[in-house]
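Asker: I'll drop the sequence and a predicted model, then ask my questions.
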Amino acid sequence: MPPASRRVSPHVLREGMGVLWVAVKAEPRVFTLSVLASALYAAMTVASAQVLGWATQEVVLPAFESGDTTTGALAAAAAAITGVALLKAIGVAGRRFYAGLMQYRLQAEYRRSVTRQYLRLPLAWHHRHPAGQLLSNANADVEAVWAPIAPLPMAVGVVFMLLIAAVSILATDLVVAGVGFLVFPAIALINVVYQRRLSPVATRAQQLRAEVSEVAHESFEGGLVVKTLGREAAETARFTEGAEELRDANVAVGRIRGLFDPVLEALPNLGVLAVLLIGSVRLESGAMSPGDLVNVAYLFTLLSWPIRALGWVLGEVPRSVVGWRRVRGVLDASGSLPYGDGSLNGSGGGGATGLEVREVRFAYESAGDGAGRPVLHDVSFATAPGRTIAVVGPTGSGKSTLTSLLVRLVDPADGSVLLDGTDLREVRQGGIAETAALVPQQTFLFDDTVRGNVTLGLDVPDERVWEALRLAQAEGFVAALSDGLDTKVGERGATLSGGQRQRLALARALVRRPRLLVLDDATSSVDPQVEARILQNLREVRAGEEAGGATVVVVAYRKATIALADEVVYLEHGRVIARGAHAGLLERSEGYRNLVNAYERAEAEQEALEGGEEALA
């Protein structure tokens, strides 16, 4: 028995019908066309039995009795059979085309909806949901939701077929019909047992798909860690465990289907045998003709197909319901970043931006009860346009969180962040991106060209791209690449070093000419000399701009970097402990002095160690 959290509601069939109704409302025209085509197929299937009965009674039996037949009789029989077969083929083609069209449209629409929701939801929501689960929601879960759509028009059409067949059988012989129809209660009972057995197992299999996806995604994302620490065997074992559980769950689903499908298929055939047995007795007594018996027997042979079509839909319903719950969990998620209709003063490159942080408090929400440990406590500071602020603090002091707040990746729980005197929550959508740029600690490059990674769709001339590369000290190595700006950098920039990737990420921000530039330890992978040149370039550009150039907020560790700032904000445990010029803080703040000197000593020791190794070499 699966855990309580994984059990399926006893109303899963009703919920599944609700999901199918959502599909019908979303694509009413396509669904109607597919059902009409399926109804045509159903009608022609029943008509084929009528034609066979008529041909047997009017063409075949007279031929046996007289020893010959006429060309006209044979032509009429052939024409009737061919016409019915042609219309039946048209129904099959129409049903499959429109059912597939409906299914793929719904899958595409809901993948787009899930993706749009991912983009709309704040970063705080993404912190609580692993990437592998999100991939599963957008892919496997969406596919599972609409898996019953392909057989659905067929199932609706065969209901029509069952009604026509039932009327035809009843009109032919009530006694034979009564015997044959005993099959239907047995089929209904078996389907009920089938659904109860299949639902929890199918639910378990669907959830395991997401879990295996999560493990695979983590292993790929952490590939460098896995290989450098020799964790290949452990990761393989972790994936193997999940994959084997998924295999066992799928095998369990297969066993249940393998048990019930033959039974569902055999019951109509048993009905046919019963019809033939009773029909032969009725035929001997003269109560029915040979043509009628052929007609009724053939109709019962056709009943196995619609029953299987209904079974396909019912068999996919549990998996569809599980996928629907998971997809709706994303689509119904709350916590979006609401936008106002305000604008920031000036335009990109046309002046600097004044920055003010007022009594900001922030805590990350946990995946459980939502409560999290506070990261920032009443943080406040301000800077005039065109100045540089260095944010310094020990690990875990809230520096990266603060940079996310400055460009509104997340909103503070209390307090506010203002640019040009405007609260970021009041700025229109896209307004902050036009003004501010963040270069984060973790550099991400797309599997694209250098140009594509710098511009990211921005329509700028190559001269401006080269200018941004020069400011980021990336011009030299990009010019040396085989195809220059057109060089493909590989997935996540795999063909470049860490420092080169950081410089391209910095150029990506600079090419937009932001008025607020936030650097979250964005030059940690480059050597101090290159970092100094980058910061000097930014300082010179800032000095050359008419309104004082861009405002720069830099999370810094190196003393040389910090010394270039106009002001330093020193954080400890999420609080502003001290503010002021670098030299002044060295004198009056012991914690700041110890931290900065510790970084400097560590770098000096590292340089001495590297120098000694070179001397020995």
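Answerer: Now that the structure is in, tell me what you want to look at.
Asker: the stretch 401-550 of the chain: strands as residue ranges?
Answerer: Secondary structure of the stretch 401-550 of the chain (DSSP state E, counting those that start in this stretch): strands at 414-419, 422-423, 436-439, 516-520.
Asker: for the last one, what is the distance to the chain centroid?
Answerer: Right, strand 516-520. The chain centre lies 30 Å from the centre of strand 516-520; the measure is C-alpha atoms, centre = their mean, to the nearest Å.
Asker: how about the shortest one?
Answerer: Taking C-alpha atoms, centre = their mean, the mean C-alpha location of strand 422-423 is offset from the chain mean by 34 Å.
Asker: burial count for Gly476?
Answerer: 10 (other C-beta atoms under 10 Å). Where C-beta positions appear, they are placed from N, C-alpha and C, glycine not excepted.
Asker: err, Ala233, not the other one
Answerer: 9.
Asker: okay, it: pLDDT?
Answerer: Predicted confidence (pLDDT) for Ala233: 80.
Asker: name the helices or strands packed onto the helix or strand hosting it?
Answerer: Element membership for Ala233, per DSSP states H and E: helix 232-284. The contact analysis (3 or more C-beta pairs under 8 Å, 6 or more residues apart in numbering; DSSP states H and E) places helix 232-284 against helix 174-180, helix 183-221, helix 290-302, helix 304-331.
Asker: circling back to that earlier point, any chance of the strands of the stretch 401-550 of the chain in JSON lines, plus mean neighbour count?
Answerer: Shown next, in JSON lines, are the strands of the stretch 401-550 of the chain (neighbours: other C-beta atoms under 10 Å):
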{"stretch": "strand 414-419", "mean neighbour count": "19"}
{"stretch": "strand 422-423", "mean neighbour count": "18"}
{"stretch": "strand 436-439", "mean neighbour count": "24"}
{"stretch": "strand 516-520", "mean neighbour count": "25"}
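Asker: as JSON lines, these with mean pLDDT and distance to Tyr364 would be great.
Answerer: Shown next, in JSON lines, are these (pLDDT from 0 to 100; distance: least, C-beta to C-beta, whole Å):
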{"stretch": "strand 414-419", "mean pLDDT": "86", "distance to Tyr364": "15"}
{"stretch": "strand 422-423", "mean pLDDT": "84", "distance to Tyr364": "22"}
{"stretch": "strand 436-439", "mean pLDDT": "84", "distance to Tyr364": "18"}
{"stretch": "strand 516-520", "mean pLDDT": "84", "distance to Tyr364": "16"}
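Asker: so can I have TSV of those strands showing distance to Ile562?
Answerer: Below are those laid out as TSV (distance: least, C-beta to C-beta, whole Å):
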stretch	distance to Ile562
strand 414-419	22
strand 422-423	29
strand 436-439	17
strand 516-520	12
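Asker: nearest to Val296, out of those?
Answerer: Among those, the nearest to Val296 by C-beta to C-beta is strand 436-439 (75.8 Å).
Asker: number of nearby residues for Leu246?
Answerer: So Leu246, with other C-beta under 10 Å, has 20 neighbours.
Asker: contacts only, for it.
Answerer: Listed by C-beta atoms under 8 Å, 6 or more residues apart in numbering, the contact set of Leu246 reads 205, 208-209, 211-212.
Asker: out of the residues you listed, who's nearest Val272?
Answerer: Set against Val272, the nearest of the contacts of Leu246 by C-beta to C-beta is Ala205 (34.7 Å).
Asker: for Val392, what are phi and psi?
Answerer: Phi and psi for Val392, reported as degrees, to the nearest 10, are phi -130, psi 140.
Asker: for Arg197, see how far away it is.
Answerer: Taking C-beta to C-beta, to the nearest Å as the measure, Val392 falls 63 Å from Arg197.
Asker: same check on Gln50?
Answerer: 38 Å.
Asker: ok, now Gly476?
Answerer: 68 Å.
Asker: can you check Pro122 too?
Answerer: Separation of Pro122 from Arg197 (C-beta to C-beta) stands at 42 Å.
Asker: please apply the same query to Asp341.
Answerer: Counting by C-beta to C-beta - Asp341 and Arg197 are separated by 56 Å.
Asker: which stretches in the stretch 351-500 of the chain count as helices?
Answerer: Secondary structure of the stretch 351-500 of the chain (DSSP state H, counting those that start in this stretch): helices located at 399-406, 450-455, 462-471, 475-480, 498-510.
Asker: now those helices as CSV including distance to Ser589 and mean pLDDT?
Answerer: Formatted as CSV, the helices of the stretch 351-500 of the chain follow (distance: least, C-beta to C-beta, whole Å; pLDDT from 0 to 100):
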stretch, distance to Ser589, mean pLDDT
helix 399-406, 16, 86
helix 450-455, 39, 83
helix 462-471, 32, 85
helix 475-480, 38, 82
helix 498-510, 29, 83
